[in-house]
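Novice: Predicted model and sequence below, questions to follow.
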Amino acid sequence: MADQTADMYASLRSNVSNLGQILGDTMRDHLGEGFLEKVEQIRILAKESRQGNAESRQQMLTLLNSLPDEELVPFAKAFNQFLNLANIAEQFHTISRNCDELVCTPDPVEQLLGRMLNSSSNEQEVIQCLENLDIDLVLTAHPTEISRRTLIQKYSAVVDCLTEQENQQLTEREIGQSHLRLRQLIAQIWHTNEIRHDRPTPVDEARWGLSTIETSLWQAVPDFLRQLNDHVQAKTGKQISTDICPVRFSSWMGGDRDGNPFVTSVVTQEVLLRNRHAAARLYLKDIVKLINELSMEDASEELMALTNNSKEPYRDVLRDLRNKLRNTIDYLNIRLEGHQVDMKPDETIWELEDLKLPLELLYRSLTSSGMRLIANGLLLDILRRMACFGIHMLRLDIRQDAERHSDVIAELTRYLGLGDYDHWDENEKQAFLLRELTGRRPLIPSTWQPTADVQEVLNTCKLVASQPATALGSYVISMASKPSDVLAVLLLLKESGCQHPMRVVPLFETLSDLTTAADCMTQLLNIDWYRGYTKGMQEVMIGYSDSAKDAGVIAAAWAQYHAQEQLVAVCKKADVKLMLFHGRGGSIGRGGGPAHKAILSQPPGSVDGRIRVTEQGEMIRFKFGLPKVAVQSLALYTSAVMEATLLPPPEPKQQWRDCMQRLADDSVKAYRGIVREEPDFVAYFRAATPEVELGKLPLGSRPAKRRVDGGIESLRAIPWIFAWSQNRLMLPAWLGAGEALQAASQRGEADLLIEMEQQWPFFETRVSMLEMVYMKAEPNLASYYDSCLVPDELKHLGIKLRASLQLGIDEVLSLTQSEELMAHTPWNRESVKLRNPYIDPLNFLQAELLARTRNEDQASKQVELALMLTIAGVAAGMRNTG
């Protein structure tokens with residue numbers, strides 16, 4: 001295995017070395033040979049330090065502590081950019097011609113179809129499942145994407161150069177040109193400031209999401225569907241339909257106003273216009289290309305009749321579409337400038353059918369005229385893009401906290417003299433809401449002048465009412481816990497004139513809310529009016545971030561699993577289909593991890609061909625930032641949802657359930673014993689991590705806390721995770737797990753745990769996620785942070801937590817019967833090891849800079865910028881930071 005791993009990494013290490021050498025040359029040109037030698041010396045010492053050489057560690061610390069202020073920024077920049085380039089090399093390796101089969105597995109859809117269709121499975125069942133798949137990936141702007149958009153574009157260009165250099169047919173001159181371009185790009189990266197000057201606005205975040213589609217997914221989606229069609233055709237002899245689209249995209253960027261005062265109805269309106277504008281621009285480019293391609297004269301009678309027997313029938317139709325798309329863009333430009341202007345439906349593309357029907361006519365004409373080969377080129381790609389992106393590009397979700405809706409109703413009932421809604425019990429609230437929902441008279445008087453916060457909620461509901469249903473996804477209610485939370489939103493939408501039945505989705509996110517989720521949905525679905533409103537489809541969102549922050553990952557994972565099982569049963573009894581929406585983060589502590597594995601570990605029956613999943617922060621770029629990588633990601637999602645639907649995992653044995661419940665109970669006790677009951681915990685957290693300093697980093701548009709005056713409980717899950725990943729303790733992703741596993745072993749359940757790990761996908765996934773975070777955790781570095789930053793009276797807590805970390809590692813190694821973590825996933829293990837010599841110096845420097853900034857009244861700008869760069873660099877090295 002060691003030899004295989006070494007060979008597997010030869011190509012990757014070659015690219016890492018090549019990129020690192022070019023970066024070194026750039027630094028030498030800019031700062032001289034002496035600076036480069038110092039960087040290289042520290043890198044070598046960090047590597048030796050990792051091998052247990054105490055002398056090397058001390059020499060490295062001495063060098064780091066002696067860096068003059070003017071070298072702090074370039075030094076942090078050097079290691080930061082090396083980690084970014086290592087990420088690029090690794091991402092490229094997964095799509096490289098030289099990628100080893102241990103890393104680049106065959107297409108998972110092809111493998112699944114082979115397994116399914118070579119067995120006794122019904123071919124029709126497989127094809128029907130594929131055609132009915134409804135996978136909705138929801139892009140969110142959580143502030144874990146620490147890289148600037150301008151740098152992301154340069155990183156993509158580096159990948160283009162690496163791809164070009166794999167071409168064995170290049171001449172020496174072409175190789176030289178490609179290498180020159182690579183040097184230029186890395187020089188541009190080096191001389192660009194990694195840290196944004198200003199915090200991005202919600203509109204900036206939405207534009208970042210659109211750029212991912214424009215630069216990658218616009219090409220990746222038709223490429224994936226072409227690949228999918230080839231697999232199906234090879235196995236069955238049949239082609240998939242032109243409008244099939246297993247995976248679609250939605251967005252929270254510009255729609256998620258939960259705790260973000262900067263996302264207003266005005267902002268949401270602008271984002272909706274920009275989404276449509278981006279789609280129109282991209283379709284226009286495609287149509288212009290298609291005009292050049294479809295020069296033929298033979299056409300169907302249907303097309304000839306439409307074009308009055310034109311000599312260029314296809315081009316006549318396409319020119320008309322080109323003009324309408326240009327008119328559409330002109331109209332949207334005027335709207336985006338803030339002006340109101342009448343829209344002329346006959347002269348624009350305003351409904352999907354305006355574009356789809358003419359293109360389908362051209363497709364039918366080409367195929368019936370013996371030109372199927374031409375029809376299945378760019379024209380088919382456009383039809384498939386329309387099936388995925390529509391004319392709105394992304395369906396925008398709206399998200400708001402349940403309390404904000406309750407505040408609107410309460411202020412209204414007080415104004416109308418009906419009492420205070422906030423003081424009513426749940427039965428009184430439901431009775432009032434249902435009475436108003438089924439009544440015909442309007443509830444809100446025109447004379448009412450609500451407070452600003454209430455008016456903003458009403459403005460959002462009016463905006464929703466004014467939009468076509470295809471522009472919007474779901475209305476998600478954060479911190480939902482009762483049926484009235486859902487009914488209140490439905491009433492506000494009704495009062496705002498909403499004519500389309502928008503999906504209103506409760507988000508259950510704390511441990512207690514997950515526990516009572518099934519009861520809440522039972523009550524809702526027992527209401528005849530509400531069940532009729534759902535039209536047979538109920539969406540429920542499961543929150544991973546806040547439940548893990550509330551109870552720890554083990555208890556939260558079991559509560560999520562159990563809640564899903566109960567929700568499946570509730571909806572089955574009510575004869576309603578269930579769509580589960582998984583609010584996963586990028587990090588393990590927020591429910592993240594490999595998507596394929598996560599989907600296959602869901603309870604049997606909970607997927608059933610339908611799933612919504614958030615893709616957050618930097619994970620959007622890692623999964624979808626390059627077209628070939630995006631094709632792989634789309635194939636993984638498709639195969640996982642198909643497999644979970646057609647070959648669901650077995651029901652867990654009762655003894656597994658009982659054991660898992662005991663693990664959850666023990667873990668939540670250990671977790672809360674620290675986070676809630678340890679009196680020194682908050683002080684230790686703020687001393688040992690850069691939590692306070694993270695607030696200065698202009699990451700996302702949303703404030704780090706839900707309430708300015710709140711403590712740990714109001715801190716958002718993202719900065720909570722981010723802070724602990726910076727000091728390498730990774731605490732939220734494992735706290736409580738070791739104690740729970742130890743207690744199970746002491747009860748004599750060690751063999752049962754091994755059985756569960758080997759036979760139950762849910763438990764095996766949890767254990768593998770623990771392995772990953774334990775592998776990334778560095779107790780020696782966390783101890784160094786304590787020595788630099790934590791007052792003596794708090795250091796006892798750090799010692800206790802590091803002992804808990806070691807306990808967890810020992811228990812997992814015992815459970816997996818391995819001598820080292822991630823022994824069964826050498827690629828992931830080596831990926832972590834590759835980065836460590838470059839992350840470690842940034843961590844040591846960060847601890848020193850944190851101590852310096854906290855002890856000085858006012859740190860220099862160089863020190864502050866260097867600190868921000870170390871935060872960015874560690875985030876780049878750790879990858880799934882939030």
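Specialist: Done, it's in. Numbers count the residues shown, from 1 in each chain.

Novice: Can you list the residue ranges for strands in the stretch 251-400 of the chain?
Specialist: 395-401 (DSSP state E, counting those that start in this stretch).

Novice: chain center to the helix or strand hosting L490, what's the gap?
Specialist: Under the criterion of DSSP states H and E, L490 resides in helix 483-495. Helix 483-495 has its C-alpha centroid displaced from the chain centroid by 28 Å (CA atoms, centre = their mean, to the nearest Å).

Novice: So which residues make contact with it?
Specialist: Contacts to helix 483-495, defined as CB atoms under 8 Å, 6 or more residues apart in numbering, come from residues 402, 405-406, 408-409, 426, 429-430, 433-434, 436-437, 442-444, 457-458, 461, 464-465, 475, 477, 480, 502, 504, 506, 520, 523-524, 527, 530, 533. Just so you know, the C-beta spots here come from the backbone N, C-alpha and C atoms, and that holds for glycine as well.

Novice: how does it look with 6 Å?
Specialist: Contact with helix 483-495 is made by 402, 405, 409, 426, 429-430, 433, 436-437, 443-444, 461, 475, 477, 504, 506, 520, 523-524, as judged by CB atoms under 6 Å, 6 or more residues apart in numbering.

Novice: Now the buried members of those residues.
Specialist: Among the contacts of helix 483-495, those classed as buried by 16 or more other CB atoms under 10 Å are 402, 405, 409, 429-430, 433, 436-437, 443-444, 461, 475, 477, 504, 506, 520, 523-524.

Novice: Y533: neighbour count?
Specialist: 16 (other CB atoms under 10 Å).

Novice: ok, back up a step: what's the following helix or strand after the helix holding L490?
Specialist: strand 503-508.

Novice: pLDDT of the helix or strand following that next one, averaged?
Specialist: Next helix or strand after strand 503-508 toward the C-terminus (DSSP H and E): helix 511-515. What helix 511-515 shows for mean pLDDT is 94.

Novice: Repeat that for stretch 660-675.
Specialist: 97.

Novice: How far off centre is that stretch?
Specialist: Worked out by CA atoms, centre = their mean, stretch 660-675 lies 28 Å from the chain centre.

Novice: what's in contact with that stretch?
Specialist: If you take CB under 6 Å, 6+ apart as the criterion, stretch 660-675 is touched by 551-552, 554-555, 558, 681, 735-737, 739-740, 743.

Novice: Could you measure from P761 over to A595?
Specialist: 14 Å (CB to CB, to the nearest Å).

Novice: For the stretch 501-650 of the chain, which segments count as helices?
Specialist: Remark: helices assigned in the stretch 501-650 of the chain by DSSP state H, counting those that start in this stretch are 511-515, 517-525, 528-534, 545-551, 553-573, 595-600, 618-624, 627-646.

Novice: no no, the stretch 1-150 of the chain
Specialist: 2-31, 33-50, 54-65, 69-93, 108-117, 123-132, 149-165.

Novice: packing partners for the longest one?
Specialist: Applying 3 or more CB pairs under 6 Å, 6 or more residues apart in numbering; DSSP states H and E, one finds that helix 2-31 makes contact with helix 33-50, helix 69-93, helix 172-190.

Novice: Any chance of TSV for the helices of the stretch 501-650 of the chain, columns distance to L580?
Specialist: As requested, the helices of the stretch 501-650 of the chain are exported to TSV (distance: least, CB to CB, whole Å):
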stretch	distance to L580
helix 511-515	12
helix 517-525	11
helix 528-534	15
helix 545-551	14
helix 553-573	6
helix 595-600	11
helix 618-624	19
helix 627-646	11
